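Trainee: can't give you the sequence, but here's the structure:
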């Protein structure tokens, strides 16, 4: 299921309910009716209604006429949740029913650290673009699920809804370095006070990478006040600026540094790798999809901060890029954007600008976010033509921290399909506002991550870790490397039965396939279907498993970024790694 969550509130006045502080729930004695009208109706049903792109992506409609039947015991469309045996809402009751309910995972904001770390494939917490449910609403829904999620009767106390407090994100804290990947740390640095201009700068950090890396997760955390952060990369052979220098786009008097402006123009958009406008971003790409970080010489860190106070504030950013081996990647993703540079907003007027953009090829979108500035009232993205014609794909009224929408399965656009950016601005000043980099200027951008290719499921042969369409000694060597993983295992680490572990059951599957080849593979055509003796496999596998007990050796490349330290871990597994690279 997509992370498209409910950002447009339905009016629930007619039903006599509202998911707002101060609204009385007195006289309501039916738990499901309260949830249906007062909680789901006020937070989710406007998005999850028949005919919307949100309902199509999630397969879930939450309008009152069908909500109960859509939720109860139904399998979620999200592939990771289905694989984990979840139902949208389980009727099992008790803690077992609670933990089997995908709805509870999706709304339980206080447990989002568990959610994102343990279930990266589940998408994002709901509702998107709105505050999380109140702690009282969560407690009320929790009691209903524990009671078996009945359609009638009272199984939760209305007094729970008196608690209108909500989950608050934790304060800024350093990110723990990734087990495998790169960490960058920028700052601390000064963010100028309100009487001077926004602070935006580039900061080049040299870090040589000699081969392509594949990023399946990225985390970005920054202190309050940051409007955006973008990480640019310098491919090998690209000229680089001086290292470890804050290159401000403007000085404190507002004068533009033309050299830095030119450098930024050369970087954007073609060397943009990842970016965000939300203070805490932790994005896992869908299984089998990764961003390719080309071999290069380092990164430019682009921070734009806005400080509305009268005192200098601290700025600081952490970035984690989590990498995997190439053999775990089926689709290579990339960044792109659509943007309107023709912006002129008359003074003392509300103006709506609409611009349409066309896809030149088939693209599968997995992430989408908007970018504009402080005069934005509303930002909409709509589909034009094709499968998504007339659909509202994105909406926000938060210019400073617009939400990242995630799509799994992806939003597919064919060549010739279009999207329309519709943005409403309120120019309350006495001057015409035009396109520009300051928060007091305006912009109209849609950023997205996508990949291309055939989405049909490829043939898989149990035991074929390195993807060469046969199961042989190289696969056994790789399996030995990962044998014993208790969590987070994938096909590329020997988890053939999909339980997230690499255990003896996976070993049995590898043994059963040992020597097999997919029909049509070059090796099958050359050697036919000759199979080794089972005892020969056992000798090879057990020997390799014994060798693997000693663990793996890792090497670490360290780098200094601003006042912090970053690191890159690469695994060195000898012949096994060579077998993977030789794919």
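Mentor: Cool, got the structure. Just so it is clear, the structure is predicted and the values come from calculations on it, not from any experiment.
Trainee: Which segments of this protein make up each domain?
Mentor: Per automatic domain parsing, the domain ranges recorded for the chain read 31-162, 181-329, 336-451, 473-551.
Trainee: Secondary structure element holding residue 218?
Mentor: Using DSSP states H and E, the element containing residue 218 is strand 213-222.
Trainee: try residue 98
Mentor: Here residue 98 is assigned to helix 94-99, by DSSP H and E.
Trainee: What lies in contact with the helix or strand just after that helix?
Mentor: Next along the chain after helix 94-99, taking DSSP H and E as the criterion, comes helix 102-107. Contact with helix 102-107 is made by 1, 71, 76, 78, 81, 86-89, 98, 115, 119, 122-123, 125-127, 132-133, 138, 141-142, 145, as judged by CB atoms under 8 Å, 6 or more residues apart in numbering. (Each C-beta comes from the backbone N, C-alpha and C, glycine too.)
Trainee: Now do helix 102-107: distance to the chain's middle.
Mentor: In this view, helix 102-107 has its centroid 17 Å away from the chain centroid, taken as CA atoms, centre = their mean, to the nearest Å.
Trainee: picking up where we left off before, out of the domains of the chain, name the one with the poorest average pLDDT.
Mentor: For these, the weakest mean pLDDT is recorded on domain 473-551, namely a mean of 66.
Trainee: before we move on, back to that, wait, which of the domains of the chain is closest to residue 467?
Mentor: Residue 467 lies closest to domain 181-329 among those, at 5.6 Å (CB to CB).
Trainee: okay, how far is it across that closest one, tip to tip?
Mentor: 15 Å (CA to CA, to the nearest Å).
Trainee: Quick check: residue 130 touching residue 44?
Mentor: No - contact status for residue 130 versus residue 44: not in contact, 9.4 Å apart, counting by CB atoms under 8 Å.
Trainee: In terms of neighbours, single out the busier of the two.
Mentor: residue 44 (30 against 19; other CB atoms under 10 Å).
Trainee: doesn't residue 126 make contact with the more buried one?
Mentor: Yes - contact status for residue 44 versus residue 126: in contact at 6.9 Å, counting by CB under 8 Å.
Trainee: Show me what the strand holding residue 218 is packed against.
Mentor: Contacts defined by 3 or more CB pairs under 8 Å, 6 or more residues apart in numbering; DSSP states H and E place strand 213-222 against strand 181-191, strand 272-276, strand 280-284, strand 289-293, strand 313-324.
Trainee: which residues does the closest residue to residue 233 other than its chain neighbours contact?
Mentor: Using CB to CB, 6 or more residues apart in numbering and skipping residues adjacent in sequence, the residue nearest residue 233 is residue 273, 4.8 Å away. By CB under 8 Å, 6+ apart, the contact list for residue 273 reads 231-233, 291, 293, 299, 335.
Trainee: hang on, the earlier thing: CSV please, covering the helices and strands packed on strand 213-222 and showing distance to residue 171.
Mentor: CSV is the format used below for the helices and strands packed on strand 213-222 (distance: least, CB to CB, whole Å):
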stretch, distance to residue 171
strand 181-191, 15
strand 272-276, 18
strand 280-284, 10
strand 289-293, 29
strand 313-324, 12
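Trainee: These: which one's closest to residue 439?
Mentor: Comparing these by CB to CB, strand 181-191 comes nearest, at 12.3 Å.
Trainee: The closest one vs strand 289-293, what angle?
Mentor: For strand 181-191 against strand 289-293, the angle by axes from the mean of the first three to the mean of the last three CA atoms, to 10 degrees is 70 degrees.
Trainee: centre of the chain versus strand 181-191, how much separation?
Mentor: 21 Å.
Trainee: Same check on stretch 428-439?
Mentor: With CA atoms, centre = their mean, you get 32 Å for stretch 428-439.
Trainee: Ok, stretch 375-394 next?
Mentor: In this view, stretch 375-394 has its centroid 20 Å away from the chain centroid, taken as CA atoms, centre = their mean.
Trainee: what's the answer for stretch 248-268, then?
Mentor: The answer for stretch 248-268 is 30 Å, by CA atoms, centre = their mean.
Trainee: try stretch 185-205
Mentor: 26 Å.
Trainee: And it, end to end?
Mentor: One end of stretch 185-205 to the other measures 10 Å (CA to CA).
Trainee: Helices of the stretch 351-500 of the chain, residue ranges please.
Mentor: 473-482 (DSSP state H, counting those that start in this stretch).
Trainee: Contacts only, for residue 152.
Mentor: 30, 32.
Trainee: Would it be right to say that it lies in a helix?
Mentor: No - looking at residue 152 with DSSP: H, G, I helix; E, B strand; the rest coil, it is coil, so not inside a helix.
Trainee: distance of it from residue 32?
Mentor: Distance of residue 152 to residue 32, computed by CB to CB, to the nearest Å: 7 Å.
Trainee: Look up which helix or strand residue 350 falls in, please.
Mentor: Per DSSP H and E: residue 350 is located in strand 349-358.
Trainee: neighbouring contacts of that strand?
Mentor: Here strand 349-358 has contacts from 338, 340, 342-343, 345, 377, 384, 416-427, 444, 446, using CB under 8 Å, 6+ apart.
Trainee: Also stretch 256-267?
Mentor: Outside stretch 256-267, the residues touching it (CB under 8 Å, 6+ apart) are 201-202, 232, 241, 247-251, 300, 302.
Trainee: List the buried residues of that stretch.
Mentor: 257, 260, 263-264, 267 (16 or more other CB atoms under 10 Å).
Trainee: Stretch 492-507 now?
Mentor: Neighbour counts over stretch 492-507 (16+ other CB under 10 Å) mark 492-496, 500-503, 506-507 as buried.
Trainee: Kindly tell me how buried residue 427 is, as a neighbour count.
Mentor: 18.
Trainee: repeat for residue 59
Mentor: 17.
Trainee: The residue lying closest to it once chain neighbours are set aside - how many residues pack around it?
Mentor: Sequence neighbours aside, residue 77 is the residue nearest to residue 59 in space, at 3.8 Å (criterion: CB to CB, 6+ apart). Counted with other CB under 10 Å, residues neighbouring residue 77 total 18.
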